[in-house]
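**Student:** Quick one, what's the 3D model for this:
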Amino acid sequence: MNVETPPRLLHFRVSHYNEKARWALDYKRWPHVRKAMLGGFHIPRARYLTGQNRLPILILDGRALHDSTAIIAELERLRPEPPLYPADPTERERALALEDYFDEQVAPDMRRLFWSTYVDSTHKCSEMSVAGIDGVSAKLWRGLFPIMRPLFRRNMGLDQPSVARARERLPGFFDRLEAEIQPSGYLVGDSFTIADLTAAAVMTAIIRPAEFSYALPEPWPEALVSLRQSIAHRAGFAWVLDIYRRHRGPSYEVAA
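**Tutor:** Numbers count the residues shown, from 1 in each chain. Okay, the predicted model is just below:
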C-alpha cells in the first residue's frame, strides 16, 4: 500500500455507524481524510464506488470498502495494533457476536429514535444535517427537504408504529448491555474490544457523549433532550460515557 496516500472516509457526521469507522481509524492512529456527505445527495457517488447506497465508505489502497464491520475487519487485518479483536478465539467469537447484535438489532431503532426527534422541524433537521457542509449543496438540501420529507420518513422507518416499537424496546437494549458488562468493566475479557466500540458508538445516537466526533447544533430538540433524560439513570448510560472518556482518543483526520 502507498503509505503516502491516506485512506479517504466518506461519512455522515451524525451517524453512529459512521462513528464506528471513525473511531476505529482514530484508535488505530491511522491518519485519514474525511469527506462529509449529505444524505440523499451521497447516493450517486456511493453507487458508483460500491454499487450500494450506504455510508461509511473507506477508499483504501485504491479499493472502496463499505459497511463499518467490513471496514474495521480490514483495518484490523492491515494494522492489528492496537487490537480491536481479542486474540483468544472464544473471546473473539463473543466480541464479534456482540458487534453484530448492536449493529443489527439495536442500531436501527436508535437511529429511528434519533431522527424522530428532528424530522418534523425543517429548520432543526436541516441545521443538523448540513452542519459542517457549505456551498450550493447545503442550500439545495435545505430547500428540498420539505419535499423530500415523506421519502425520508419512509426510508428511515419513521412511521408512528415503528417509532413506538423502538421506544418500547429501548429499556431492553439497556438491559442487554448492562447484562453483558463483565467485572473488568468491558464487554469481553479485560480490555477494550470491537464489542465495546460498537455498543458505545451505537448508543451515542441518543446519549451523545462530549467526546463524540461532531457536536449537534444547539439547542437540541426538546424531544431528544427528554429521550436522553429518560435513560440517564441507567448503568449502561454511565458505561457509554465512561468508555468514551477512556477510549475515544484524538482524531487522526488529516487535510486532503
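
**Student:** what helix or strand does Pro150 sit in?
**Tutor:** Remark: Pro150 resides in helix 136-156, with elements defined by DSSP states H and E.

**Student:** again with Arg77
**Tutor:** helix 68-78.

**Student:** From the contact counts, what lies against that helix?
**Tutor:** helix 16-27, strand 57-60 (3 or more C-beta pairs under 8 Å, 6 or more residues apart in numbering; DSSP states H and E). C-beta: built from backbone N, CA, C; applies to glycine.

**Student:** The last one pairs with which strands?
**Tutor:** Sheet neighbours of strand 57-60, with direction, are listed as strand 8-11 (antiparallel), strand 63-66 (antiparallel) (DSSP bridges).

**Student:** Let's have these in a markdown table, adding mean pLDDT.
**Tutor:** Shown next, in a markdown table, are the strands paired with strand 57-60 (pLDDT from 0 to 100):
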| stretch | mean pLDDT |
| --- | --- |
| strand 8-11 | 98 |
| strand 63-66 | 97 |
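
**Student:** Comparing those strands, which comes out most buried?
**Tutor:** strand 8-11 (a mean of 21; mean count of other C-beta atoms under 10 Å).

**Student:** May I ask you to confirm that Ser213 is in contact with His16?
**Tutor:** No: Ser213 lies out of contact with His16 (C-beta atoms under 8 Å); the separation is 10.6 Å.

**Student:** Compare those two (neighbour count), which wins?
**Tutor:** Using other C-beta atoms under 10 Å as the criterion, Ser213 and His16 rank with His16 on top: 25 against 18.

**Student:** re the thing from before, what lies in contact with the helix holding Arg77?
**Tutor:** 1, 17-18, 20-21, 24-25, 28, 30, 56, 58, 60, 65, 83-85, 99-100, 103, 194 (C-beta atoms under 8 Å, 6 or more residues apart in numbering).

**Student:** Buried residues in that helix, which are they?
**Tutor:** 68-69, 71-76 (16 or more other C-beta atoms under 10 Å).

**Student:** related to what we said a few turns ago, counting by contacts, list what the helix holding Pro150 packs against.
**Tutor:** Using 3+ C-beta pairs under 8 Å, 6+ apart: helix 136-156 touches helix 107-116, helix 122-129.

**Student:** CSV for the ones you listed, including mean pLDDT and mean neighbour count?
**Tutor:** What follows is the helices and strands packed on helix 136-156, written out as CSV (pLDDT from 0 to 100; neighbours: other C-beta atoms under 10 Å):
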stretch, mean pLDDT, mean neighbour count
helix 107-116, 97, 21
helix 122-129, 92, 18
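
**Student:** Quick one: closest of those to Phe145.
**Tutor:** Closest approach to Phe145 among the helices and strands packed on helix 136-156 (C-beta to C-beta): helix 122-129, 5.5 Å.

**Student:** Pull the residues that contact stretch 240-247.
**Tutor:** 27, 185, 192, 196-197, 199-200, 203-204, 207, 209-212.
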